[in-house]
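>>> Give me coordinates for this.
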Amino acid sequence: MRKVIESTLISVDGVIGDPHTWSGEHFGPEATARALEQLGHTDAMLMGRHTYELFSRLWAAPTDDYAAAIYHLPKYVFSSTLREASWHNTTVVNGDVAGAVRALKQRDGQDIVVYGHGPVGAELLAEGLLDELRLWIHPVVVGSGRPFFVDGVRADLGLADVQTTTTGVVIVTFHPARR
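Below you'll find the predicted structure:
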């Protein structure tokens, strides 16, 4: 069975919103290489509408290896308002997030990645469908923005791995406890 891996950039003060505005020099060539390596073991990406809108602007067309990897991946956007997607290789899924992801996990293939922890990531965690949670903790205090932590979702996590980049990003991997 395929694994669903959430990979989220987060500041020390718990902000995940708009990481392209604060991750700066901390997400350098080393972090890019690690993220590209992860995408090499991935053949599908899940996201909500807000992430889709951001990513489809940032990576509308391949400009480097990382952008090309994301551009060519099959992408599934979960939205109750979006009816069609114009970004390459993107499918809009209306309705049951958990059911759709369960079906994707049953298909043959590689890992499935989720970037960011919005409603899709929260639902996957709550439903026990998330196999790994990778937090890329950046050594920056943002001060305001969308936080990772939201009311309503509780999950016990087991520490699986900790890595540090030369720019001070700490990549902490957790495995959610199974019910």
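>>> dump the residue contacts of the spatially most central residue of the chain.
Nearest residue to the geometric centre of the chain (Cα atoms, centre = their mean): residue 115, 1.3 Å. For residue 115, the contacting residues are 6, 7, 8, 45, 47, 51, 55, by Cβ atoms under 8 Å, 6 or more residues apart in numbering. In short, each C-beta sits where N, CA and C put it, glycine included.
>>> Who is it paired with across the strands?
residue 7 (DSSP bridges).
>>> mind checking how far it is from residue 177?
Using Cβ to Cβ, to the nearest Å, we find residue 115 at a distance of 23 Å from residue 177.
>>> Same check on residue 165?
Distance from residue 165 to residue 177, by Cβ to Cβ: 27 Å.
>>> of those two, who's got more company?
residue 165 (19 against 10; other Cβ atoms under 10 Å).
>>> Next up, phi/psi of that one, please.
phi -90, psi 170 (degrees, to the nearest 10).
>>> Test my guess that it contacts residue 33.
No. In this structure, residue 165 is not within contact of residue 33 by Cβ atoms under 8 Å, at 9.6 Å.
>>> For burial, what's the neighbour tally of the residue nearest to residue 17 when sequence neighbours are not counted?
Computed as Cβ to Cβ, 6 or more residues apart in numbering, the closest residue to residue 17 that is not its neighbour in sequence is residue 146, at 3.0 Å. Residue 146 has 15 neighbours, counted by other Cβ under 10 Å.
>>> Next one, pLDDT for residue 146 please.
We have a pLDDT of 85 for residue 146.
>>> Next: residue 119.
For residue 119, pLDDT reads 87.
>>> Measure how buried it is and give me the count.
15.
>>> can you pull the contacts of it?
48, 78.
>>> Next, it: phi, psi?
The phi and psi values for residue 119, taken as degrees, to the nearest 10, are phi -60, psi -40.
>>> mind checking how far residue 30 is from residue 113?
19 Å.
>>> Show me which of the two is the more surrounded one.
Using other Cβ under 10 Å as the criterion, residue 30 and residue 113 rank with residue 113 on top: 25 against 13.
>>> Okay, helices next: where are they in this protein?
29-39, 49-58, 65-72, 97-106, 119-126 (DSSP state H).
>>> Who are the packing partners of the longest one?
Other elements packing on helix 29-39 under the criterion 3 or more Cβ pairs under 8 Å, 6 or more residues apart in numbering; DSSP states H and E are strand 4-11, helix 65-72, strand 111-115.
>>> Out of these, which gets nearest to residue 21?
Nearest of those to residue 21, taken as Cβ to Cβ: strand 4-11 at 10.7 Å.
>>> need the contact list for the residue nearest to residue 17.
15, 16, 17, 18.
>>> and the residues you listed as CSV, adding distance to residue 109 and pLDDT?
Below are these laid out as CSV (distance: Cβ to Cβ, whole Å; pLDDT from 0 to 100):
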residue, distance to residue 109, pLDDT
15, 32, 91
16, 27, 88
17, 30, 85
18, 30, 83
